[in-house]
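> Structure for this input, please:
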Amino acid sequence: MNSPTVKLSQDLIAIKSVSQISNAAISDFIESYLVQADFEVERLAYLDAAGLEKVSLIAKKGSGSGGLGFFSHSDTVPGAEADWEPYDPVIKDGLLYGRGSCDMKGPLAATMVAAANAEAAQLTKPIFVVVSADEEVGFGGAKQVCQESKLLNEGGWPEMSVVAEPTELKPVYAHKGGQHVLVTAHGRAAHTSTDKGISANFLIAPFLAEMAELAKLFKTDSSFMNDEFDPPTNGFNMVLNDGNCAGNVTAARTECKLNLRGMPNDRHEDAVAMIVEAAKKYDLDVLSNGIEPFYVAQNAPIVTLALQATGLPHAKTVPYGTEALYFQNHTQCVILGPGNIAQAHTVGEYVDVAELESSTAAYTKMISMACM
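Here you go, the predicted model:
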């Protein structure tokens with residue numbers, strides 16, 4: 001139970017790095033580890049909206065082009081300290097407990113140990129370890145890495161990469177994205193006894209009726225689905241906010257937030273366009289943005305490599321998102337890591353120690369096949 005991967009996982013868990021604080025301390029620890037393992041390390045930093053320093057690390061061992069990358073993040077969701085001891089890593093019944101054990105300090109540790117164990121003199125292609133900031137709150141680190149890393153953009157990205165999010169060590173070739181539309185109606189507040197108000201809720205009501213019809217369409221029309229996913233639908237959802245307006249006052253402003261999880265070849269662009277068109281028809285304010293889904297061909301070299309390393313016959317899809325959606329524009333990605341996503345962000349978060357060890361072995365095998 002005291003293997004290098006388990007020990008490093010425990011060390012990382014013990015360093016509090018929730019997204020609401022700076023991750024500089026854990027980045028210092030990771031940088032020191034990688035430097036001692038003969039990696040060249042590039043450090044990128046920015047100040048978040050709260051003025052806190054956020055740090056991402058890009059590390060490279062070996063020379064030449066191509067190679068294999070391992071991508072992870074160092075931040076976690078809040079620890080819920082009132083309900084357990086999230087930063088006191090404990091092993092019980094073959095499970096390692098602690099905040100980030102599953103998402104994703106355990107997987108990160110496995111990549112670091114596998115990469116550190118590779119001798120630079122034996123490498124014919126380089127190994128990269130990339131650890132980003134703020135994955136849990138907007139992907140700020142991943143965006144900065146893609147835009148500003150000299151080690152990657154000038155020296156060359158790895159040909160193939162692993163995003164080490166928890167997948168129960170089953171290779172993942174695709175996941176859903178996220179599209180968001182904000183529709184706002186503006187009324188005029190007044191006491192209902194005066195009958196001089198304009199209710200934003202009534203103004204937005206016809207639009208909401210159309211959204212109810214779209215919800216039915218998205219769940220019944222196969223052109224808005226992708227059967228490679230479970231569920232195959234886009235999870236269309238709507239949330240309303242009129243500022244908790246009192247019953248005897250007309251609402252001055254009503255916001256409608258609409259979200260869907262777009263998939264490859266599912267017409268999610270058309271779905272967003274239909275929502276936007278309906279909002280404009282009723283003279284409502286509308287803003288839209290989103291992130292595209294991640295997808296790599298099932299027979300892509302990185303997927304084949306992951307299957308060979310794990311001994312599994314097929315890769316799969318997942319409904320949640322990862323930073324692969326940004327990195328896929330630069331390197332061929334597969335998502336592969338220990339742990340079950342159902343454990344992520346929970347009180348009592350854990351990762352199976354045997355699976356954690358198996359991931360180190362799988363990553364080591366991938367390095368051997370791709371870089372030696």
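
> Against which helices or strands is the strand or helix carrying L182 packed?
If you go by DSSP states H and E, L182 is part of strand 178-186. With contacts taken as 3 or more Cβ pairs under 8 Å, 6 or more residues apart in numbering; DSSP states H and E, strand 178-186 sits against helix 200-220, strand 253-260, helix 268-281, strand 285-291. Yep, even glycine has a C-beta here, placed from its N, CA and C like the rest.

> Pull out the buried positions in it.
Within strand 178-186, the residues that qualify as buried are 178-179, 181, 183-185, counting by 16 or more other Cβ atoms under 10 Å.

> swap in stretch 50-67?
In stretch 50-67, counting by 16+ other Cβ under 10 Å, buried: 52, 54-62, 67.

> Over to stretch 84-103?
Neighbour counts using 16+ other Cβ under 10 Å place 84, 86-87, 89, 91, 95-103 of stretch 84-103 among the buried residues.

> What's the separation between F236 and D227?
17 Å (Cβ to Cβ, to the nearest Å).

> who's more crowded, the two?
Neighbour count, other Cβ atoms under 10 Å: between F236 and D227, F236 has more, with 21 against 10.

> Pull up the per-residue confidence for the more buried one.
On pLDDT, F236 comes in at 98.

> Report the central residue of this protein.
T322 (2.7 Å; Cα atoms, centre = their mean).

> That residue: what's it in contact with?
163, 165, 175, 294, 335 (Cβ atoms under 8 Å, 6 or more residues apart in numbering).

> does it count as helix, strand or coil?
What DSSP: H, G, I helix; E, B strand; the rest coil gives for T322 is coil.

> Which residue, other than its chain neighbours, is closest to it?
Nearest-residue entry for T322: E165, 4.8 Å, with adjacent residues in sequence omitted and distances by Cβ to Cβ, 6 or more residues apart in numbering.

> measure the one you found to D227 for me?
For E165, the distance to D227 - Cβ to Cβ - is 23 Å.

> Confirm A59 sits in a strand?
Yes. Under three-state DSSP, A59 sits within a strand.

> excluding its backbone neighbours, what's nearest it?
F39 is the one closest to A59 (Cβ to Cβ, 6+ apart), at 4.0 Å.

> my read: the one you found touches G62, true?
No. When contacts are counted by Cβ atoms under 8 Å, F39 is not listed as touching G62 (9.3 Å).

> Count the neighbours of the residue nearest to A278 when sequence neighbours are not counted for me.
Distances taken as Cβ to Cβ, 6+ apart place E210 nearest to A278, at 4.8 Å, with adjacent residues excluded. Using other Cβ under 10 Å, E210 is surrounded by 16 other residues.

> do the same with G311
8.

> Next: E277.
E277: 11 neighbours (other Cβ under 10 Å).

> how far away is it from V183?
Counting by Cβ to Cβ - E277 and V183 are separated by 11 Å.

> and of the helices and strands packed on strand 178-186, who's closest to V130?
V130 lies closest to strand 285-291 among the helices and strands packed on strand 178-186, at 18.5 Å (Cβ to Cβ).

> returning to that earlier point: relative to A185, how far out is the residue nearest to A59?
The value you get for F39 to A185, if Cβ to Cβ is used, is 54 Å.

> now K105
Distance, K105 to A185, by Cβ to Cβ: 44 Å.

> Same check on A205?
9 Å.

> now I26
44 Å.

> all helices for the protein, in order.
Listed in chain order, the helices of the chain (DSSP state H) span 4-13, 24-36, 105-117, 140-148, 150-153, 200-220, 268-281, 301-310, 324-327, 353-371.

> any idea which of those is most buried?
With neighbours taken as mean count of other Cβ atoms under 10 Å, the helices of the chain reach their highest mean count in helix 105-117, at a mean of 27.

> Give me the residues contacting it.
Contacts of helix 105-117 (Cβ under 8 Å, 6+ apart): 4-6, 8-9, 11-13, 30, 33-34, 37, 39, 61, 70, 72-74, 76, 96, 98, 100, 127, 129, 131, 162, 164-166, 337-339, 351, 356, 359-360, 363-364, 366-367.

> Centre of the chain to that helix, how far?
Computed by Cα atoms, centre = their mean, to the nearest Å, the chain-centroid distance of helix 105-117 equals 18 Å.

> Same question for stretch 351-363.
The chain centre lies 21 Å from the centre of stretch 351-363; the measure is Cα atoms, centre = their mean.

> can you tell me the average pLDDT over it?
The average pLDDT within stretch 351-363 is 98.

> Other residues contacting it?
1, 3, 5-6, 9, 70, 91, 94-96, 101-102, 106-107, 109-111, 113-115, 162, 164, 166, 168-169, 306, 309-310, 336-339, 343.

> In contact with G348, which residues?
84, 97.

> I meant V163, not that one.
71-72, 322-324, 327, 333-337.

> got it, and L307?
So L307 contacts 171, 313-315 (Cβ under 8 Å, 6+ apart).

> how close does it get to S22?
39 Å.

> Also A37?
Going from A37 to S22 by Cβ to Cβ gives 24 Å.

> one step back: tell me the angle the strand holding L182 makes with strand 285-291.
With axes from the mean of the first three to the mean of the last three Cα atoms, to 10 degrees as the basis, strand 178-186 and strand 285-291 are set at 170 degrees to each other.

> what angle do strand 178-186 and helix 200-220 make?
Calculated by the same axes, to 10 degrees, strand 178-186 forms an angle of 150 degrees with helix 200-220.
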